[in-house]
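1. Generate coordinates for the sequence data below:
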Amino acid sequence: MAIRQTGFTRASALGPIARIVEEGGGSISRVFQDVDLPFALLENPDVPVPLKEQFRVLQRAAREVGDAHFGAQLGRHVRIKNLSAFGLWVSRAHDLYDAIDRSRRGLNIFLQTATVLELRETDTGARWSIEFLDPASEGRYQNELLGLGYLIDVVRCFAGRAWRPRLIRTTTSDRAATGYLEQLYGANVSTGQRVSAIDFDRGLLWAPNMLHGTYSLPLPQELGSEPVVPASSDDPEAVAAVTMLALLERQPRAAWVADKLGMTKRSMQRRLCEEGVTFSQLVDDVLKTRAQELVSESTKPITEIGLELGYADTAHFSRAFKRWTGMSPRAFRKMRT
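-> Predicted coordinates:
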């Protein structure tokens with residue numbers, strides 16, 4: 001059995017969740033408020049998010065619209081090409097086998113950790129499965145249904161938009177859900193499986209790309225310098241990522257960051273101490289990085305940037321910025337333009 005591990009994903013993996021919730025008569029702002037996540041996350045798709053928090057968002061959205069299989073509903077609308085540069089790289093593979101291989105090689109590095117994609121072949125069939133190793137249970141089933149949506153969309157880049165799997169395998173034990181899921185997916189559904197998967201004809205593995213052009217560049221060069229998806233074993237990197245997430249709406253608080261990582265404040269501080277760093281130091285590093293990005297890459301007024309990062313006034317922000325860079329925010333912006 002695979003070892004359970006804390007995972008991270010990018011906010012883009014939620015797909016068009018705001019639109020689907022609103023169309024279902026719900027309030028996406030209420031969903032984010034209830035799970036205590038910044039609503040601005042929806043406008044920052046490349047920001048890393050703890051995988052368990054994505055699970056919780058999907059579960060809360062399912063309750064909001066009254067759909068026990070909301071992940072499948074959302075999964076009908078997701079597109080692999082919208083998953084940052086990783087999604088483009090996968091969707092523009094030469095053939096389906098290449099796309100599945102790209103997904104396997106790049107997923108845990110560039111998009112989502114604690115997730116296993118596995119392809120199994122027989123003489124005539126192929127089975128592509130997705131399994132989440134994060135120990136969180138709330139909302140896991142919703143995320144599995146969403147994941148199936150992405151697998152199906154990858155195949156459709158090569159088989160056409162009208163394509164349907166031969167069989168969809170789900171982990172739900174609710175056999176009564178079969179009819180509803182078959183209606184949503186337009187394919188046969190088997191419940192009670194160990195992992196979620198789609199079955200299809202093996203010959204499709206060599207189908208050429210029908211919907212997009214192809215990429216031939218090496219993986220690292222194509223993906224560029226997107227925010228890093230933290231490794232499960234790197235505590236400082238994980239804390240820094242959640243601190244950046246907090247900055248979308250508030251000054252980072254140690255208790256909030258620890259809770260999003262599934263640990264107590266004391267445990268988080270102890271683990272950081274073992275790595276030779278403090279929470280305050282990480283916050284300062286994250287503020288420095290974010291401040292430089294906003295000053296050099298946006299046209300927002302310096303005062304607005306300072307307030308966004310939690311500084312009481314421009315003077316306090318300018319002093320901190322000069323400590324980080326040796327120059328004022330305005331001088332830094334002028335140098336970068």
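2. Mind checking what secondary structure the closest residue to Arg127 other than its chain neighbours has?
-> Closest residue to Arg127 apart from its sequence neighbours, by CB to CB, 6 or more residues apart in numbering: Arg120 at 4.7 Å. Any C-beta I mention is one placed from the backbone N, CA and C, and that applies to glycine too. Following DSSP: H, G, I helix; E, B strand; the rest coil, Arg120 is assigned to strand.
3. what's the answer for the one 10 residues further on, then?
-> The local conformation at Ile130, judged by three-state DSSP, is strand.
4. Return the residues in contact with it.
-> Thr115, Val116, Leu117, Glu144, Gly147, Leu148, Tyr150, Leu151, Val195, Ser196, Ala197 (CB atoms under 8 Å, 6 or more residues apart in numbering).
5. OK, contacts around the residue nearest to Arg127?
-> Ala126, Arg127, Ser129.
6. same deal with Gly262?
-> Gly262 sits next to Thr6, Pro50, Lys52, Ala136 when contact means CB under 8 Å, 6+ apart.
7. picking up where we left off before, among the contacts of Arg120, which one lies nearest to Thr214?
-> Ala126 (21.0 Å; CB to CB).
8. any weak-confidence spans in the chain?
-> Along the chain, the parts satisfying pLDDT under 70 run over 1-4, 217-228, 232.
9. where do the strands sit along it?
-> With DSSP state E, the ranges of strands along the chain come out as 8-10, 48-50, 115-121, 125-132, 167-169, 189-190, 196-201.
10. Just checking: what are the partner strands of the first one?
-> To tie it back to what came earlier, the one meant is strand 8-10. strand 48-50 (antiparallel) (DSSP bridges).
11. Mind listing residues that contact the partner strand?
-> With CB under 8 Å, 6+ apart as the test, strand 48-50 has contacts from 6-11, 37, 41, 227-230, 238, 241-242, 244-245, 260-262.
12. if you set the cut-off to 10 Å instead, what comes out?
-> 6-14, 37-38, 41, 56-57, 111-114, 134, 136, 226-230, 237-238, 240-242, 244-245, 259-262 (CB atoms under 10 Å, 6 or more residues apart in numbering).
13. Ranking by neighbours, what's the top pick from the contacts of Arg120?
-> Ala126 (22 neighbours; other CB atoms under 10 Å).
14. quick one: that residue and Leu167 touch, right?
-> No: if you go by CB atoms under 10 Å, Ala126 and Leu167 don't touch, sitting 11.2 Å apart.
15. shared neighbours of these two, anything?
-> Counting by CB under 10 Å, 6+ apart, the residues touching both Ala126 and Leu167 are Ala197, Ile198, Asp199, Phe200.
16. Let me see the contact set for the last one.
-> By CB under 10 Å, 6+ apart, the residues touching Phe200 are 96, 125-128, 151-152, 155, 159, 163-167, 187.
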